[in-house]
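sequence plus predicted model, see below.
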Amino acid sequence: MTTRRSYLVGVGVLLTCLLLWWAFRDVDLEVAWRHMRSGSPGLLTAAALAAFAGLVARGVRWRFLFARGVEPRTRDLVRAVVIGTFVNNLLPVRAGEIATLVALRRSSKVAISTGLLSSAAGRALDSAVVLAMLSASLLWSLDQASYLPLSLAVTAVSVTLVAVLVAASWFAEPVRSLAPAVTARLLPQRLRARADHAVDGALIGVEALRSSGRLGLAVLWTVLAWLLNGSAGWLGLRAFHVDAPAWAALTLQGILAIGVALPSSPGFFGPFEASGRAALGLYGVDPSTAVGFIVPFHLAVYFVPALLAGAAALLVPGGGQRGLADPPRLPEEPGPSGPAPP
């Protein structure tokens, strides 16, 4: 495991160096520096607040990926997401994903297996919504004839992600029924109870989506989260007077989301800058202007606020009222969705 982690860290550092070289390779540093200094502090602050609000909305969304009545408290979910983002900006190979689950486990006693699958369901929703927004922005803000095939392909991927997610929720009960028989054949007796418990906990992460009401609320909060994040991009573009249409913010968001999924050093430096330059290049923004925008935008809107918010979240004690260390079974007929969380 240590060797594999070291390999991933090495790949991330190499990609970071290559992408930073690509982002800066033909940039006039004097022009870029002048552009960096031209940003509006007020608009940058507003962008940082919008990006943080999007992060909070993703934490609220996570609530609807648990069964109604057994979900952790909203503040514990938001705190876990903020801590995970903080760790992702400090450690390589997306260590924040594990930190998120550990933080939720400590504050609300949610089993790691439950948190893992519900978090994966949230990532699938994130991917579907971001890709749908990217598809729309490519169609409406660029040459439609050139980008129609790509836009249709992106839309198909997003629809498939949601379909797979919903299908997985309906197969949860059959999997739970078969799990004891499978573990009895494959595992020694001392490990069977633990394996069955882990499977039971993991399935809770998708079973809640059998309720159309909870799935609908999860989708709505996901859309809100990424609209807030997209508005942060729009405010950032305005802060640095980048000549690009409003739709460019959604294109920027989509390409950044794809870019930061690559292995990289802590803070996503390299993939973030290269993705931002590539996205703005679609709108004819010259490299020096693009880099003069994306570097301070990265630092002021995402990196520094993530560190400050994460440090603050670590100082706030968790402690939910409910726990899922021993995951309960869902009723066969899920009830109607509850009111929106506070």
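Okay, I see it. Numbers count the residues shown, from 1 in each chain.

check which residues of the single longest helix found in the chain are buried.
Taking DSSP state H as the criterion, the chain has its longest helix at helix 112-141. For helix 112-141, burial by neighbour count (16 or more other Cβ atoms under 10 Å) applies to 112-122, 124-139, 141. All C-beta atoms are positioned from the backbone trio N, CA, C, and that covers glycine.

and it, how far from the chain's centre?
Helix 112-141 sits 7 Å away from the centroid of its parent chain (Cα atoms, centre = their mean, to the nearest Å).

quick check: closest non-adjacent residue to residue 237.
In space, and not counting its chain neighbours, residue 237 is closest to residue 244: 5.7 Å by Cβ to Cβ, 6 or more residues apart in numbering.

contacting residues for the one you found?
Residue 244 makes contact with 237, 280, 283, 285 under the criterion Cβ atoms under 8 Å, 6 or more residues apart in numbering.

can we see that at 10 Å?
141, 233-234, 237-238, 251-252, 279-280, 282-285, 289-290, 293 (Cβ atoms under 10 Å, 6 or more residues apart in numbering).

that one and residue 210, how far apart?
For residue 244, the distance to residue 210 (Cβ to Cβ, to the nearest Å) stands at 42 Å.

swap in residue 55?
Counting by Cβ to Cβ - residue 55 and residue 210 are separated by 27 Å.

number of nearby residues for residue 111?
Here the number of neighbours of residue 111 (other Cβ atoms under 10 Å) works out to 23.

so it sits against residue 70, correct?
No: Residue 111 is not in contact with residue 70 according to Cβ atoms under 10 Å; the separation is 11.5 Å.

sec struct for residue 242, please.
Under the three-state scheme (DSSP: H, G, I helix; E, B strand; the rest coil), residue 242 adopts coil.

run through the residues that contact it.
35, 236, 248, 252, 280, 283, 285, 289-290, 292-294, 297.

residue contacts, residue 292?
Counting by Cβ under 10 Å, 6+ apart, residue 292 has contacts 27-29, 31-39, 240, 242, 285-286.

hmm, back to that, Serialize the contacts of residue 242 to TSV and add fields for distance to residue 157 and secondary structure.
Formatted as TSV, those follow (distance: Cβ to Cβ, whole Å; DSSP: H, G, I helix; E, B strand; the rest coil):
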residue	distance to residue 157	secondary structure
35	34	helix
236	27	helix
248	21	helix
252	19	helix
280	23	helix
283	23	coil
285	26	coil
289	31	helix
290	26	helix
292	32	helix
293	28	helix
294	25	helix
297	27	helix
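
now do the contacts for the residue lying farthest from the centre of the chain.
Largest separation from the mean C-alpha position in the chain: residue 189, at 38.3 Å (Cα atoms, centre = their mean). Residues in contact with residue 189 (Cβ under 10 Å, 6+ apart) are residue 183.

tell me how far the closest residue in space to residue 112 that isn't next to it in sequence lies from residue 310.
Using Cβ to Cβ, 6+ apart and skipping residues adjacent in sequence, the residue nearest residue 112 is residue 101, 5.3 Å away. Residue 101 sits 15 Å away from residue 310, taking Cβ to Cβ as the criterion.

on that earlier part again, only the buried subset of the contacts of residue 242, as a ChimeraX command please.
Per 16+ other Cβ under 10 Å, the buried members of these correspond to this ChimeraX selection:
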select :35,236,248,252,280,283,285,289,290,292,293,294,297
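
can you put the contacts of residue 242 in CSV and add distance to residue 93?
Output for these, formatted as CSV (distance: Cβ to Cβ, whole Å):
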residue, distance to residue 93
35, 32
236, 27
248, 31
252, 25
280, 28
283, 32
285, 31
289, 32
290, 28
292, 30
293, 28
294, 23
297, 24
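
want to throw the contacts of residue 242 into a markdown table with pLDDT and distance to residue 260?
What follows is those, written out as a markdown table (pLDDT from 0 to 100; distance: Cβ to Cβ, whole Å):
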| residue | pLDDT | distance to residue 260 |
| --- | --- | --- |
| 35 | 92 | 23 |
| 236 | 97 | 16 |
| 248 | 93 | 18 |
| 252 | 96 | 12 |
| 280 | 95 | 16 |
| 283 | 92 | 20 |
| 285 | 95 | 20 |
| 289 | 95 | 22 |
| 290 | 96 | 17 |
| 292 | 96 | 20 |
| 293 | 97 | 17 |
| 294 | 97 | 12 |
| 297 | 98 | 13 |
